[in-house]
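I'd like to go over a predicted model; first the sequence, then the structure.
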Amino acid sequence: MSKISQRRVVIGDVHGHYEGLMLLLEEIAPASDDQIYFLGDLIDRGPQSAQVVEFVKENDYPCLLGNHEQMLLNILVGKDTGSANMQGWLYSGGQATVASYQSGTIPKEHLNWFENLPTYLDLGDFWLTHAGVDPQKTVQEQTAEELCWIRDEFHRIKEPYFTDKLIIVGHTITFTLPGVVPGNLAQGQGWLDIDTGAYHPRSGWLTGLDITNKLVYQANVFSQKVRTLPWKELITIIQPEEFMGGRRHKQRA
């Protein structure tokens, strides 16, 4: 299989699985001129959030703000400092993040880095964001709340949001969508979801999508298996009507 050089590879939600990320990058084997992008949610749930953040930060990889980084910032930097909000974040994986820092304190340099993460990246033919877009709003009207948190309104969209580019997202584990098996990607009208649930015991797959060569790289954080396949072999196409009747499973933050 011939490959085009200068690949663009998009990596889904890592959720603190540093060793799984290293396994995935070993499979991808990025060259110095390849571009690696992260969709956010580097942290929470897995055991090594601090190491993941330091690795992505030190390598200067473009990374988006995810809802888990946003939760952390709201509590540690912003105004959501109440005990209920703190407990909600800790329950959603924040406790593992705090524990991954040897001092038990997230350093200011990491907090500053989180604060400067963009909410989307426009690559021309592809548009990257963590969760999706509000179909009723223009790009300029989208807020971090929509771009980091939206689910159903985006997935049910009946026509592509962009006519000239595909939106690539994470945030929603693909097997929670209608008819998608663990490890597969999910594609709807103008969007492609690559969060295959690295932290989840039903899956364990961490995905890197080569949008230049249309290849999917995956590493399983539990079994340490790796695989590389054409993306058409791992994509489940979902029609908007399949979301009707409550066929979508619930997912926590």
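The structure has been received and is ready for your questions. Residues are numbered from 1 along each chain as shown.

use CA for all of it now, contacts and neighbours both
Will do.

where does the stretch 151-253 of the chain dip in pLDDT?
244-250 (pLDDT under 70).

just the helices in it please.
152-155 (DSSP state H, counting those that start in this stretch).

do a quick rundown of the strands in it.
For the stretch 151-253 of the chain, strands defined by DSSP state E, counting those that start in this stretch occupy the ranges 166-169, 185-188, 191-193, 205-210, 215-220, 226-230, 235-237.

report all helices and strands that the second one contacts.
Contacts defined by 3 or more C-alpha pairs under 8 Å, 6 or more residues apart in numbering; DSSP states H and E place strand 185-188 against strand 191-193, strand 235-237.

what's next to it, contact-wise?
155, 157, 174, 177, 180, 192-196, 234-240 (C-alpha atoms under 8 Å, 6 or more residues apart in numbering).

and residue 213, how many neighbours does it have?
A count of neighbours around residue 213, defined by other C-alpha atoms under 10 Å, yields 18.

correct me, but it touches residue 6?
No. In this structure residue 213 lies outside contact range of residue 6 using C-alpha atoms under 8 Å: 9.9 Å.

residues contacting stretch 214-221, please?
Against stretch 214-221 from outside (C-alpha under 8 Å, 6+ apart): 17, 19-21, 23-24, 27-28, 198-199, 203-210, 225-231, 234.

give me the PyMOL select line for the residues you listed, limited to the buried ones.
Here is the PyMOL command that picks out the buried ones among those, judged by 16 or more other C-alpha atoms under 10 Å:
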select buried, resi 17+19+20+21+23+24+27+28+198+199+203+204+205+206+207+208+209+210+226+228+231+234
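
so what's the residue count around residue 103?
So residue 103, with other C-alpha under 10 Å, has 9 neighbours.

which of the helices and strands packed on strand 185-188 is buried the deepest?
For these, the largest average neighbour count (mean count of other C-alpha atoms under 10 Å) is found in strand 191-193, namely a mean of 24.

tell me what that strand is packed against?
Under the contact rule (3+ C-alpha pairs under 8 Å, 6+ apart), strand 191-193 is packed against strand 166-169, strand 185-188.

could you redo the last one with a cut-off of 10 Å?
Secondary-structure packing of strand 191-193 (3 or more C-alpha pairs under 10 Å, 6 or more residues apart in numbering; DSSP states H and E): strand 126-129, helix 152-155, strand 166-169, strand 185-188, strand 235-237.

which residues are contacting it?
12, 126-128, 130-132, 154-155, 157, 160-162, 165-174, 177, 184-187, 235-237 (C-alpha atoms under 10 Å, 6 or more residues apart in numbering).

now, of the residues you listed, which are buried?
12, 127-128, 130-132, 154-155, 157, 160-161, 165-174, 177, 184-187, 235-237.

surely residue 114 meets residue 67?
No. The pair residue 114 / residue 67 is not scored as a contact, 11.2 Å apart, by C-alpha atoms under 10 Å.

quickly list what's touching both of the two.
Common neighbours of residue 114 and residue 67 (C-alpha under 10 Å, 6+ apart) are 40, 73.

distance of residue 23 relative to residue 12?
According to C-alpha to C-alpha, to the nearest Å, residue 23 stands 14 Å off from residue 12.
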